[in-house]
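**Q** okay, predicted coordinates and the sequence, questions at the end:
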Amino acid sequence: MASELKGVCVGAGYFSHYQYEAWQRIPEVRISACCNRTVDKAREIAAKYGIATAYSIGDFGRMLETEKPDFVDIITPPATHLDLCRIAAGHGVDIICQKPLAPTYAETLELAEIVRMSGRRFMVHENWRWQPWYRQIRRLLVEGILGEFFHMGVRTRLGDGWGPDAYLARQPFFRDYPRLFIFETGVHFLDTFRFLFGEVSSVYAQTARRNPVIRGEDSALVVCRFEKGGTAVLDANRYNECEAADPRYTFGRLRLDGSKGHLEMDEDGVMRIKPLGQPSYVHAYDPPRRGFAGDCVFAVQRHFVDCVLSGDSFESTAEDYLKTVRLVELAYESAATDQVIPVEPWGV
């Protein structure tokens, strides 16, 4: 296996900058080209990040033929992913692809089958579980610091979704999503719940739309019960504000209860642990402030590169991520029926 990986990227929107910047910091990677629906934006990205060639998205296949990359990073809205992955798989290229994988569950299943049949490596760019506070919580759970897991509650108020101009500054396509919060943001938390606590046995959800200028829901309450015991609750909306200087650093605050005590984390990522019957203390770790949300974009792309070079399995394969996407679908079913929805074991 070569020690350097040649990559190309498709997409030049708001979030893509975090990914281009992170690739620059991974010495084993060289991004040789990028493409975008608007080629002028691709040229701007290329100039900013020292990329040699810019293409139009209509020339995506030609870019793959010309550049002959080891991998492609797909950083476009979900409606484009199925076709782009089909083309990339047909060219024998490994893929890292942003979530949501597709607008519908049926298209997500089709995408997963295409990449499975291609035999190429495929990873979902699911960066939430790579936020440093969640990696720390996972370590604390494994080490038994908090004892048996009982419950975690997450509260997030992003404040970027109120008013007539909601979402226009960063991701204007959010306004037209028929399903917004759980589909686009809640999926991160559901995947992180699985990462921390294992598979989910039942889901209950309620949703609401608080801003009338958008199509989808911007508020959700989601309750998950786990096969191994314990519960997690996501209490979230993008409409109301919190008082944190940067609500998008941790995207909320949380409390985790266990048989030996509890942990609380604020919007700055500061964790306090309180063992039962003892004073609380600050858990020492040093979450980065660069990049996105504790530099989780760099962390997930570093993981992708390490696994491609070593042959190890990705954490977020297409097959594994389908379990998270299924929870999204069940959450919407629950919200529509006001029922607790059991989660059948995978493969049943």
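**A** That came in fine, so what should we check first?
**Q** and the residue nearest to residue 115 when sequence neighbours are not counted, what does it touch?
**A** Leaving aside its sequence neighbours, residue 115 sits nearest to residue 122 (CB to CB, 6 or more residues apart in numbering; 4.0 Å). Every C-beta, even on glycine, is put in place using the N, C-alpha and C of the backbone. Applying CB atoms under 8 Å, 6 or more residues apart in numbering to residue 122 gives the contacts 85, 94-97, 115-116, 314, 317-318.
**Q** can you pick the most crowded of the residues you listed?
**A** The residue in the contacts of residue 122 with the most neighbours, by other CB atoms under 10 Å, is residue 97 (28 neighbours).
**Q** if the residue nearest to residue 115 is in a bridge, with which residues?
**A** residue 95 (DSSP bridges).
**Q** out of the contacts of residue 122, who's nearest residue 146?
**A** Ranked by distance to residue 146 (CB to CB), the contacts of residue 122 are led by residue 314 at 27.9 Å.
**Q** that closest one and residue 65, how far apart?
**A** Plainly put, residue 314 is 26 Å away from residue 65 if you go by CB to CB, to the nearest Å.
**Q** is it true that residue 107 touches residue 85?
**A** No. Look at residue 107 against residue 85 with CB atoms under 8 Å: they stay out of range, at 10.4 Å.
**Q** what's downstream of the longest helix anywhere in the chain, the next helix or strand?
**A** Using DSSP state H to define each element, the chain has its longest helix at helix 318-337. Using DSSP states H and E, the helix or strand that follows helix 318-337 towards the C-terminus is strand 341-342.
**Q** does residue 295 touch residue 132 like I think?
**A** Yes. Here residue 295 reaches residue 132: they are 7.5 Å apart, a contact under CB under 8 Å.
**Q** shared neighbours of those two, anything?
**A** When CB under 8 Å, 6+ apart defines a contact, the residues bordering residue 295 and residue 132 alike are residue 288.
**Q** so which of these two has more stuff around it?
**A** residue 295 (21 against 18).
**Q** quick check: phi and psi at that one.
**A** Dihedral pair for residue 295: phi 60, psi 30, per degrees, to the nearest 10.
**Q** also the one 4 residues further on?
**A** Comment: the main-chain dihedrals of residue 299 come out as phi -60, psi -40, following degrees, to the nearest 10.
**Q** residue 72 versus that one, what's the distance?
**A** Distance from residue 299 to residue 72, by CB to CB: 20 Å.
**Q** just residue 12 next, same as before
**A** Computed as CB to CB, the residue 12 to residue 72 distance reads 14 Å.
**Q** residue contacts, residue 163?
**A** Applying CB under 8 Å, 6+ apart to residue 163 gives the contacts 211, 213.
**Q** go on, residue 117?
**A** The neighbours of residue 117, taking CB under 8 Å, 6+ apart as the test, are residue 89.
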